[in-house]
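Enquirer: pasting the sequence and the predicted model now:
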Amino acid sequence: MLFTPHVLAGAAVGAVAASLGLPAVFGIAVVSHVILDQIPHTDNVLLENPGSDTYSKDDFISVSTEVIVGILILIYFLFISSNPVPLLIGAIGGVAIDLIDNVPFWKGIRKWPVFKQLHQFHDFFDGAVKKRGKIIGIMTQFLIIVVSVVILMKSLS
């Protein structure tokens with residue numbers, strides 16, 4: 001799944017579950033990541049070819065643009081929130097697994113103890129989803145983004 005749905009869903013978890021405390025927000029956001037990976041989706045171009053050690057300039061521009069858009073939307077909600085910390089902790093929890101497991105620059109850590117098991121766990125859940133084509137994958141992620149934004153807007157009003 002792309003970065004933006006995970007980061008915004010995590011922030012939405014933070015907005016809704018803030019009263020449970022920051023550790024709970026982080027944990028629930030991590031669980032939301034695993035749940036979202038069960039929904040048919042597309043991955044970013046760097047993850048679609050995991051064996052490759054070379055990526056084009058266009059690949060990096062595509063992924064960077066999507067990540068920047070997600071971060072900008074998150075920053076907007078952090079600025080308008082009277083209590084931004086749970087949103088930030090939720091957002092970090094929502095993308096924590098991908099930050100550890102999927103960033104190509106440090107994918108070598110997948111061989112290390114604990115990180116190897118995390119990768120196997122993540123791959124089991126994310127890899128188990130049958131991809132149903134890019135159109136469905138994009139639509140499901142767009143829907144997750146919209147629902148997350150609606151939750152964030154309602155929680156902050």
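Expert: Everything's here; your move. Residues are numbered from 1 along each chain as shown.

Enquirer: and Ile61, what helix or strand is that in?
Expert: Assigned by DSSP states H and E, Ile61 falls within helix 57-80.

Enquirer: what pLDDT, on average, does that helix get?
Expert: Mean per-residue pLDDT for helix 57-80: 90.

Enquirer: check stretch 146-157 too.
Expert: On average, stretch 146-157 scores 95.

Enquirer: ok, residues contacting it?
Expert: Residues from elsewhere that reach stretch 146-157 (CB atoms under 8 Å, 6 or more residues apart in numbering): 5, 8-9, 11-12, 15-16, 73, 77, 80-82, 87. Heads up, the C-betas are built off the backbone N, CA and C, glycines and all.

Enquirer: which among these count as buried?
Expert: Taking 16 or more other CB atoms under 10 Å as the criterion, what is buried in the contacts of stretch 146-157 is 5, 8-9, 11-12, 15-16, 73, 77, 81, 87.

Enquirer: take the residues you listed and lay them out in CSV including distance to Val31.
Expert: Shown next, in CSV, are the buried ones among the contacts of stretch 146-157 (distance: CB to CB, whole Å):
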residue, distance to Val31
Pro5, 15
Leu8, 16
Ala9, 11
Ala11, 15
Ala12, 13
Ala15, 16
Val16, 13
Ile73, 22
Phe77, 21
Ser81, 22
Leu87, 17
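
Enquirer: reformat those residues as TSV; add distance to Val150 and secondary structure.
Expert: Shown next, in TSV, are those (distance: CB to CB, whole Å; DSSP: H, G, I helix; E, B strand; the rest coil):
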residue	distance to Val150	secondary structure
Pro5	13	helix
Leu8	10	helix
Ala9	12	helix
Ala11	12	helix
Ala12	9	helix
Ala15	11	helix
Val16	12	helix
Ile73	13	helix
Phe77	12	helix
Ser81	15	coil
Leu87	15	helix
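
Enquirer: quick check: the farthest pair among the residues you listed?
Expert: By the measure CB to CB, Pro5 and Ser81 form the most distant pair in the buried ones among the contacts of stretch 146-157, at 19.4 Å.

Enquirer: could you export stretch 14-24 as PDB, CA atoms only?
Expert: Included here for stretch 14-24 are C-alpha records, laid out as PDB according to Å, rounded to 0.1, in the frame of the first residue of the first chain:
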ATOM      1  CA  GLY A  14      -4.600   9.000  16.800                       C
ATOM      2  CA  ALA A  15      -7.500  11.500  16.600                       C
ATOM      3  CA  VAL A  16     -10.100   8.900  17.600                       C
ATOM      4  CA  ALA A  17      -8.100   7.000  20.200                       C
ATOM      5  CA  ALA A  18      -6.200   9.800  21.800                       C
ATOM      6  CA  SER A  19      -7.900   9.300  25.200                       C
ATOM      7  CA  LEU A  20      -6.400   5.800  25.400                       C
ATOM      8  CA  GLY A  21      -2.900   7.200  25.600                       C
ATOM      9  CA  LEU A  22       0.000   7.500  23.200                       C
ATOM     10  CA  PRO A  23       1.300   3.800  23.500                       C
ATOM     11  CA  ALA A  24      -2.200   2.600  22.700                       C
END
